[in-house]
Structure formats: C-alpha cells, structure tokens
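Trainee: got a sequence here, can you build the structure:
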Amino acid sequence: MPTGFFSLILHAHLPFVPYPEHPHLREEETLYQAITEAYLPLIDVISNLHKSGVAPRITIGVSPLLCEMLADPLRQSLYTGHLENLLSLTEQEIKRTEREAPEFVSAAKMYHEKLNAAWRLWSNQLNHNILPTLGELQTADMVEIITSSATHAVLPLISTVEARRAQVEVAVANYRKHFKQTPRGIWLPGCAYEMGIEELLADVGIEYFVTDAQAILYGDPRPRYGIYAPVRCPNGVAVFARDPQTSQQVESSVIGYPSHAAYRDLSTEAPLERLHTHLRGNGERRPLDLKYHRITGRDVPLADKHPYDPEAARQQTAIHADRFIGEHTKQIERLRDSLNGRAPLVVAPYPAELFGHWWFEGIQFLDTVFRQLHLNQQAVAAISLGDYLRSNAAIQIQQPSSSSCCAEGYFKVWLNEDNAWISPHQQAAEIRMIKLANNYHEPPNEQARRALNQAARELLLVQSSDWAFQLYQGVMPEHATHPFHSHIRSFHWLADAVEHSAINEDRLSEIEQRDSLFAELDYRIFKSKQ
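Mentor: Model (predicted):
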C-alpha cells in the first residue's frame, strides 16, 4: 500500500462550432489549435508511457460536443489541410530565421519537428480520428475516459427535471456510440452540483462525479477525511473533490509553473508580414502558434522580450516535475498522519488544453511526472477515480452541499448581471420542448420526426454553458450572443413548423446540416415520465 494516491483529471471541451462554412473559420481554428498542441501530444505521451511499461491512469473527460466535432469527417479533412499548411510555414520559417533572425532558429526547428511528429501520428497511426485510439488506451488500462453533460450545460441551472435528464441520457448514449461502453464517471460542467443530480446519474449507471472542495467540506455530516477521500451520496453515487492547492500550483498564471520565465510566451506570434498566404482571406491573422519568445514580463514590449530556448524550457520542466513530486510526497505524508493512517487521495483536475497549448511545456511536465511516480510507487501511486472505487476502500455516506467551482464557489459565473438574460430563453425553450415530446408520442411523418429531433438538438445547444461563460469573461461577446440567438431562433422555428404542419424542407435541411450532431438523438428523450 503506498503512502497516498494522486489522481490527475484532464477535462477536454470546446464550444460547439456550426458546420464549417469555410476552412478558416475563427472558432474552428480553436479546435485545430487544441488538436495540434494538446490532444495529439497527450495521446503521443500516453502511448509512449504504455510502451515503457508506465500506466499513468489519467482520468480524461471528453465532452460529447467535442466527441462529435472530433469524429466529423469534414472537420478531420479541414484539420489535415491546416496541419499541412503549418508544416509548409515552418519550413519557410527555418530558412527565414537562419537568414534574418538566428536567435529564433532553434525554436523554428523545434516547431517543424513537433509538427512532423503530429502529422505522422495524425495521418499514419490515428487515421485522422483521435477517439478510437483514446478508446484503445482505455482498454489497455492507460486512461479512464469519462463523459460530461451533452452540451456542457450547468445542470443546476436547468429548470426542469426532464431537460436535466435529457442532458445526462444524451451524454451517455453518445459515449456508448464513440467508446462502445457505458461511462463510469461524469465531469459536471463547472463542478456544479445540487441535491437530486445524483439520482439522474444513478439512473444511467454513472458511478461517480467530481465537485469543487466546498461540496464535500460543507456537506452533511462533516467529512471525516476532508477532501482527501471521496464520499458517497445516500443513493451510492461517489463524489470526488478537487484539491485547490494542487490546482493553483499548476494552473495559476501568476504563481503557477506556467508563469516561469523559461517557458514560451503565449501572447506573441510570428511577424505578420512573414505569414503571407497563411492569413485569412481578409488579411486577418490566423492562430498559427509559432511563438518565438519566452515569458519576459507582463508589460514588456515585444522588441524587448527574450528569445525562446526550447532546451532551457525542457530543463526547467524537469525541475518543476521534480518539485511537484517532492511537494506532493510531503503533502501526502502530512495528510496521512492527520487522517489516522488512511492513505489520502489528491484529486487534481485541469482543462486538458492547459497542457501543450496554454502551457506549451505542460506535456513534457506530465511525461516526467508519471515516469517518476512509476519509479516510486511506494510513496505516491497514480490512480484513476474508477481505480479508487475498485479498491473497496471504506467510503463515508454524506449529502454534499450545492456548489460549483470559480467565483466564490457558486453559480455566479453562469448567472450574473451580464448573462442572466439567457436564462428565460432557455427555460421557455425547455418547457416547449417537453410539451412537444409529450404531445407527439409518434411523429406525424418522417419530415416531422426530423424537425422534432433537430428541435431537441437546438435546445441542447441553447443550454450550453459556453455562451454564459464567454459573456462572463467579456472577451468578444459576439462569439457567444450570435450562436445563442441562432440556436434559439432555429428551435422556435422548428417548433412552430411542427405545430402548424408547415415545415419548409429547404430550411429544415439547412439547419440539420449547420448544426449536425447527435445523429442518434430521439426527441422523445424529453418526454415526461409518468
């Protein structure tokens, strides 16, 4: 028995982007960035750990929305072109930097090597689809894949039990489609929980979920082992809580590891005049992620920033990995003493995109951490949340408290003075969808069935937490308001068309193609239970 356990959770999610109208759509390129810098390197690292006999047992949450985008053949084709474009650009950049800016040559060559590796992995091993390989890594006991709500909706802010249930049931059905089994766990978006959600989870066979610390700390009764052991809701569903100390250590942009001066500066980019054909059609810069400077201070002009040194960054990553292991070994030893000898569990959830994209060197960090944990398993053992439940450790029964992560621990991020206008539209659409499902036990015809199914998809997209979150952040609010209005208008048009038996085939087909997801969905999932 090790002194304690460490469980890493990487939650992968991006907002839904309608069917790409052209290859350089800004929102679509966000997906390309995540694939190139986070998802492909993560799969590569886990595969190499597997070959080395190291089982990291990472818990990976993949939202159903992201699954649908990653599995889409058109997006796969567009991403392939994007990757080819980047490879061509890096070849030019090596020549340019050798001629004009030798201080950037090592970074240019590093980018070319990484993109070549990404190309080989994407084209030769993955066959342009990440999901099957993730499933294989789960079968090989390298990772444990969990789901999320269907469209990353914050469940406590959904007004009806029917709509909450639909978010969960659609998610589980989608997981089965992509991974051929039922998920054991779920990432509740925003770690948002309130009493009753566990009943919906139990109904579909989900065994556990993840919350923020206060859900357990303020639960009833008080947790015997704090947040360093899971609890079980009265119905048996297990609850794991995030360790704030561990999260801040890695995730904080101010005091966390990614802020170190040796690491790549995310805010800089290759010179605009050098990009030429790599701009959008209107001359606007595209996110190409060729960044040549290291972090040199928040307000330092670009001309005064220092060149990025890949080797120095790699060495610093090893130092931070050593520090991370050392500090958590000490933390676990202290906790074990305070927990009367029980081996503590430290749960560390992060956005998957943090590693490799937001923190460029983060993938190297993970690789080193799990190799070191493997060499010293008697001190701290890597474990997935499902592994912990299989260990049959005694788990306290508790009713967790309502809570979420971010902004004082409640629902302020998704319901505040800037985004509260969204909620009435969501609630009205939920009630209308439930009435449609109750009234149309069977669709009048095939066209009505398609319209009802698409109305259900539009409602699920209306419920996405991404729109409220983006408005809360206050960056480019049009990227939240435009898609939200599009989905809510489409929903009501479809509902009207069904109710008045006046479905325009061209309009229906256009909406189906634009918001193409969850092909397996049946609108009657919103039907009230008697």
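Trainee: just checking, what packs against the longest strand along the chain?
Mentor: Counting by DSSP state E, the longest strand found in the chain is strand 4-12. Under the contact criterion of 3 or more CB pairs under 8 Å, 6 or more residues apart in numbering; DSSP states H and E, strand 4-12 touches strand 58-62, helix 310-338, strand 345-351, strand 380-382, helix 385-390. Every C-beta, even on glycine, is put in place using the N, C-alpha and C of the backbone.
Trainee: winner for burial among these?
Mentor: strand 58-62 (a mean of 25; mean count of other CB atoms under 10 Å).
Trainee: strand 345-351 and that one, what's the angle between them?
Mentor: Per axes from the mean of the first three to the mean of the last three CA atoms, to 10 degrees, the angle that strand 58-62 makes with strand 345-351 is 40 degrees.
Trainee: what is the mean pLDDT for strand 58-62?
Mentor: For strand 58-62, the mean pLDDT works out to 98.
Trainee: in the stretch 151-300 of the chain, which spans are helices?
Mentor: 161-179, 197-203, 213-217, 244-251 (DSSP state H, counting those that start in this stretch).
Trainee: would you single out the least confident of these?
Mentor: Taking the mean pLDDT of the helices of the stretch 151-300 of the chain, helix 244-251 comes last: a mean of 83.
Trainee: which one of the helices of the stretch 151-300 of the chain lies nearest to K527?
Mentor: For the helices of the stretch 151-300 of the chain, proximity to K527 was assessed by CB to CB; helix 161-179 is nearest, at 7.3 Å.
Trainee: downstream neighbour of the longest strand of the chain in the secondary structure list?
Mentor: helix 26-34 (DSSP states H and E).
Trainee: next secondary structure element downstream of that following helix?
Mentor: Criterion used, DSSP H and E; the element after helix 26-34 is helix 40-51.
Trainee: what helix or strand is the residue located most distally from the centre of the chain located in?
Mentor: Largest separation from the mean C-alpha position in the chain: R99, at 40.3 Å (CA atoms, centre = their mean). Using DSSP H and E, R99 sits in helix 73-100.
Trainee: who does that helix touch, helix- and strand-wise?
Mentor: Using 3+ CB pairs under 8 Å, 6+ apart, helix 73-100 sits against helix 26-34, helix 105-120.
Trainee: buried residues, the longest one. List them.
Mentor: Pointing back at helix 105-120 there. V105, S106, A107, A108, K109, M110, Y111, H112, K114, L115, A118, W119 (16 or more other CB atoms under 10 Å).
Trainee: what about the closest residue to T133 other than its chain neighbours, how many neighbours?
Mentor: Closest residue to T133 apart from its sequence neighbours, by CB to CB, 6 or more residues apart in numbering: L126 at 5.4 Å. Residues near L126, counting by other CB atoms under 10 Å, number 19.
Trainee: correct me, but L126 touches S47?
Mentor: No: counting by CB atoms under 8 Å, L126 stays clear of S47, with 10.2 Å between them.
Trainee: joint contacts of the two?
Mentor: T133 (CB atoms under 8 Å, 6 or more residues apart in numbering).
Trainee: what's the end-to-end length of stretch 523-530?
Mentor: Its first and final residues considered, stretch 523-530 spans 17 Å by CA to CA, to the nearest Å.
Trainee: buried stuff in it?
Mentor: For stretch 523-530, burial by neighbour count (16+ other CB under 10 Å) applies to Y523, R524, I525, F526, K527.
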